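Engineer: Have a look at this prediction, sequence included:
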Amino acid sequence: MTDIIATINQAVERYKACHNFTHWRPRAALIDMDGVLYDSMPRHAAAWRRMMMEAGIDIPEEEFFLYEGMTGEATINLLFNRHLGRSATPEEVKVLYGRKSEYFKAFGDRIPMRGADLMLDILMKAHIRRILVTGSAQASLLDALNHDYPGAFDAAGRVTAHDVKHGKPAPEPYLRGLELAGCLPSEAFVIENAPLGVKAGHAAGCLTVAVATGPIPEKVLAESGADIVFPSMHDFACNVRYLIDNE
Ligand code: CA
């Protein structure tokens, strides 16, 4: 237990030194959705692979974990440019992303991430504002938040693919999240599970926590700019109080 407290304290000190902040006092948590609040990434990857295969582009399922956090449009264009030598038309983006969303939905019930409810409960009791920051535009998951995590996210505290011009790894989604929370970077922290999301949080100047909830190694998350990496959401939830009590 002492070890983890020391590790968290060191991460906060390193973050402050790196940004020349004299203090770090969190008032808001900027929270990613897929792979953080829901164990949805394996299904997203399978849905992406199936849709792209039908579009004539054969991509291994694991590769989609690396694109996690990007908007659907950005992912489609990246793969179109690489494999077909051109961007997708807006119509193609609409049809293909729609198809991918259908395949995702067909997997059925949502799977909340183990530990996410405990983490949100601790944040709520500590009066840390929760802001959702997701690259997703999937109404099915966004609508589900209130049901699965009652009271955790208010309607005004959500940044989705519809709200930004440049998705992760650009800092814009997290800068928008800070704006919604009315916070400076030194008053918030980001919770992410994907390298591109970690890069976005770091680029926004926020202390960025990574949870290794999928096949991406902890080392890769650290190299992407995470200030601290936890092996699971449950592990983070059990220790989040040491982070938010940090002064
Ligand atoms: Ca994610």
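Structural biologist: Cool, got the structure.
Engineer: if you skip the residues just before and after it, what's nearest to L37?
Structural biologist: A116 (4.9 Å; C-beta to C-beta, 6 or more residues apart in numbering). Glycine gets a C-beta too; all of them are placed from N, C-alpha and C.
Engineer: Hmm, that neighbour is touching L145, no?
Structural biologist: No. Look at A116 against L145 with C-beta atoms under 8 Å: they stay out of range, at 10.7 Å.
Engineer: Name the residues contacting each of the two.
Structural biologist: L37 (C-beta atoms under 8 Å, 6 or more residues apart in numbering).
Engineer: quick revisit: quick one, phi psi at the residue nearest to L37?
Structural biologist: phi -70, psi -40 (degrees, to the nearest 10).
Engineer: Tell me how far it lies from N20.
Structural biologist: According to C-beta to C-beta, to the nearest Å, A116 and N20 sit 33 Å apart.
Engineer: more neighbours, the two?
Structural biologist: Higher neighbour count among A116 and N20: A116, with 25 against 7, using other C-beta atoms under 10 Å.
Engineer: Which pLDDT does the model give that one?
Structural biologist: Looking at A116, its pLDDT is 98.
Engineer: Can I take it that F236 is in a helix?
Structural biologist: Yes. Applying DSSP: H, G, I helix; E, B strand; the rest coil, one finds F236 inside a helix.
Engineer: which ones are touching it?
Structural biologist: Contacts of F236 (C-beta under 8 Å, 6+ apart): G115, M119, I191, V209, V211, F230.
Engineer: of all those, which two lie farthest apart?
Structural biologist: Across those, the longest distance by C-beta to C-beta is 12.8 Å; it joins G115 and V209.
Engineer: quick one, which of the two is more surrounded?
Structural biologist: Each of G115 and V209 has its neighbours counted (other C-beta under 10 Å); V209 has more, 27 against 19.
Engineer: ok, the closest residue to the more buried one other than its chain neighbours to the ion distance?
Structural biologist: Nearest residue to V209, sequence neighbours excluded (C-beta to C-beta, 6+ apart): I191, at 5.1 Å. Counting by C-beta to the ion, to the nearest Å, the gap from I191 to the ion is 9 Å.
Engineer: Return the residues of the chain in contact with the ion.
Structural biologist: D32, D34, G35, N193, A194 (C-beta under 5 Å from the ion).
Engineer: Just give me the least confident of the residues you listed.
Structural biologist: Lowest in pLDDT among the residues of the chain next to the ion is D34, which has 91.
Engineer: okay but that residue is in contact with S40, surely?
Structural biologist: Yes. D34 is within contact range of S40, at 4.7 Å (criterion: C-beta under 8 Å).
Engineer: quick one, which of the two is more surrounded?
Structural biologist: D34 (25 against 22).
Engineer: quick one, what contacts L196?
Structural biologist: Applying C-beta under 8 Å, 6+ apart to L196 gives the contacts L66, Y67, E68, G69, M70, K168, P169, S224.
Engineer: Among the residues you listed, name the buried ones.
Structural biologist: Those of those that meet the buried threshold are Y67, E68, G69, M70, K168, P169, S224, by 16 or more other C-beta atoms under 10 Å.
Engineer: do you know how far the third one is from N193?
Structural biologist: For G69, the distance to N193 equals 9 Å [C-beta to C-beta].
Engineer: By average pLDDT, which secondary structure element in this protein comes out worst?
Structural biologist: Every helix and strand of the chain was ranked by mean pLDDT, DSSP states H and E. The lowest is helix 139-148, at a mean of 79.
Engineer: overlap in contacts of G69 and N193?
Structural biologist: Listed as contacting both G69 and N193 by C-beta under 8 Å, 6+ apart are D32.
Engineer: Break down this structure into its strands, ranges please.
Structural biologist: Using DSSP state E, the strands of the chain run over residues 28-31, 129-133, 158-159, 188-192, 207-211, 228-230.
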